[in-house]
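1. Predicted model, plus sequence, below.
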Amino acid sequence: STTSADYTSFPFATNRNNITDDYEISPEALGVGINGKVLKCKHRRTGQKCALKIIKDSIKARQEVILHKKACENCQYIVQVLDVYENKFRSQRCILIVMECMEGGELFNRIQQRNDNPYTERDAARYILMIVQAVNHLHKMDIAHRDLKPENLLLTNQSNDAILKLGDFGFAKEGHNEPLPLTSPLFTPYYVAPEILYHNRYDKACDIWSMGVIMYILLCGYPPFFSEGGHTISSRMKNKIKTGDYQFPDAEWRNISSEAKSTIQRMLTVDPVQRITIDGILTSSWLTELTSDRAINMNALQDVETRQQLEAAVASATDDQRRIDD
Ligand SMILES: c1cc2nc(N[C@H]3CCCNC3)c3c(n2n1)NCC3
C-alpha cells in the first residue's frame, strides 16, 4: 500500500553532510516551478555542472525523490538523479536533489522560440518518440507521472539533435503493487469505487491524454484546447476538454499525415477506458512507419554518403595516377 510509512525512510543512502562541502551552488536559477526552484551547481571535485532542486522535507517531497530516483535508473529519457542530500537550513529540514544539468532548457521555451513555424512531422516524431519511451518506462514500472507538460520536458543541449528527458516527479504516483483482495471472502464489493477496480489504470491514462496535447502542439504550434484571451482556464475551455471538442484546422494540419491525426484522436479520447495505452502508441502505424523508415532512410543516407566518398576517392586516385603517368 502507499501509506505514509512507505515514504518516511529513503530506500537508498542519502547524504547528511552539508551539500556545500561537495557542490558549489550558484544563485542563478535554471528554472522555476510551482514546487521549487532549480539552481545551477558545480561538483567541486569533478567540476561537473549539475542542477539542484531544493524542496522542504515532507512525505510528499520524499515521495517525489524516491519515485524520480527509481524511475531514472535504466532510462536515458528521464532526467538523471545524481545525489540526494538531507540538510537543514535555519532549522528547516530540506531535501536536495542533484540532477544532470539539462543545458537545453525546457521544451516549452524551444516551442515558443519557433513561434510560427512548428516542427516538421519528422522533428516532432523524434521528440514524441523520446517522450513515449520515457512514459513507457514509467508505466511498465506502474508509475504514473501525472504532470506531463512541455515545462517538464528538458533538452540536454541547445542543438537540434538534443535528447529530450522527463523531469519533475512532484505529482508522480506508484500504482497499487499488490492486487486488491477482491477474491478474499472478507472483501465486501458493495463500497469499492470503479477507479479502484481499474487498479488506478486511469492515472496512467491521464499521461496518455497529456502526451496527446503535447504531440498536437509539437505538430502545429498551438494547443487543442484553449480559452479565448488569457491563460486562465475558462468554463468554456473546461467543457471543450470534457467533451473532447477540438479541431485540426486545415491551415496547419493539411500536410500532416492521417496516421498522426488518428494517433492524436486515440490519445485525446475522453473515456480513459477507451483511450489508447502506451503499448497501443508504441505499436501504432504512425510511430512504427516513422521510426522504421527513418532507420531505413538513415541507412540509405549513409550509403549515399559512403558511395559519394568512394567515388571522390577513386576520382582523386585516378588523377594522382594520371599525374604519375605524365
Ligand atoms: C535538470 C533539471 C532541470 N529543471 C529545469 N527547470 C525546471 C523548473 C521547474 C519546471 N520544470 C523544469 C531546468 C534545467 N534542469 N536540469 N535546466 C534548465 C531549466
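-> Yes, it's here. Numbering: from 1, shown residues only.

2. Low-confidence stretches in the stretch 151-300 of the chain?
-> In the predicted model of the stretch 151-300 of the chain, residues 176-181, 199-201, 230-231, 293-300 satisfy pLDDT under 70.

3. Tell me the residues on it that lie near the ligand, please.
-> Residues of the stretch 151-300 of the chain found near the ligand (CB under 6 Å from any ligand atom) are 151, 152, 154, 167, 168. Quick note: C-beta positions are derived from backbone N, CA and C, even for glycine.

4. Phi first, then psi, for the first one.
-> Taking degrees, to the nearest 10, you get phi -70, psi -20 for the backbone angles of residue 151.

5. any idea how far it lies from residue 91?
-> 32 Å (CB to CB, to the nearest Å).

6. which one of these two has more residues nearby?
-> For residue 151 and residue 91, the more surrounded residue by other CB atoms under 10 Å is residue 151, and the numbers stand at 17 against 5.

7. check contacts around that one.
-> Residues near residue 151 by CB atoms under 8 Å, 6 or more residues apart in numbering: 31, 33, 106, 107, 108, 168.

8. again, only using 10 Å
-> Taking CB atoms under 10 Å, 6 or more residues apart in numbering, we find residue 151 in contact with 31, 32, 33, 34, 106, 107, 108, 109, 167, 168.

9. Apart from its chain neighbours, what residue comes closest to the fourth one?
-> Closest residue to residue 34 apart from its sequence neighbours, by CB to CB, 6 or more residues apart in numbering: residue 170 at 7.8 Å.

10. That neighbour looks like it's in a strand, true?
-> No: counting by DSSP: H, G, I helix; E, B strand; the rest coil, residue 170 is not part of a strand but coil.

11. Count the neighbours of it for me.
-> Other residues close to residue 170 by other CB under 10 Å number 22.

12. what's near enough to touch it?
-> 33-36, 53, 55, 60-61, 63-65, 67-68, 145-147, 152.

13. circling back: are any of the residues of the stretch 151-300 of the chain next to the ligand buried, and which?
-> The neighbour-count test (16 or more other CB atoms under 10 Å) marks 151, 152, 154, 167, 168 as buried among those.

14. Of those, which is the nearest to residue 278?
-> When these are ranked by distance to residue 278 (CB to CB), residue 152 comes first, at 17.3 Å.

15. tell me, what residue is most central in the chain?
-> Centroid-nearest residue in the chain, with CA atoms, centre = their mean: residue 166, separated by 3.1 Å.

16. Now it. Its backbone dihedrals?
-> Torsion angles at residue 166 (phi, psi; degrees, to the nearest 10) stand at phi -90, psi 140.

17. Near the ligand, which residues of the stretch 1-150 of the chain are found?
-> 30, 31, 32, 33, 38, 51, 79, 99, 101, 102, 105, 106.

18. Now which of the residues you listed would you call buried?
-> Judged by 16+ other CB under 10 Å, buried ones among these: 30, 31, 38, 51, 79, 99, 101, 102, 105, 106.

19. Show only the entries of those found in strands.
-> Among those, DSSP state E puts 30, 31, 38, 51, 99, 105, 106 in strands.
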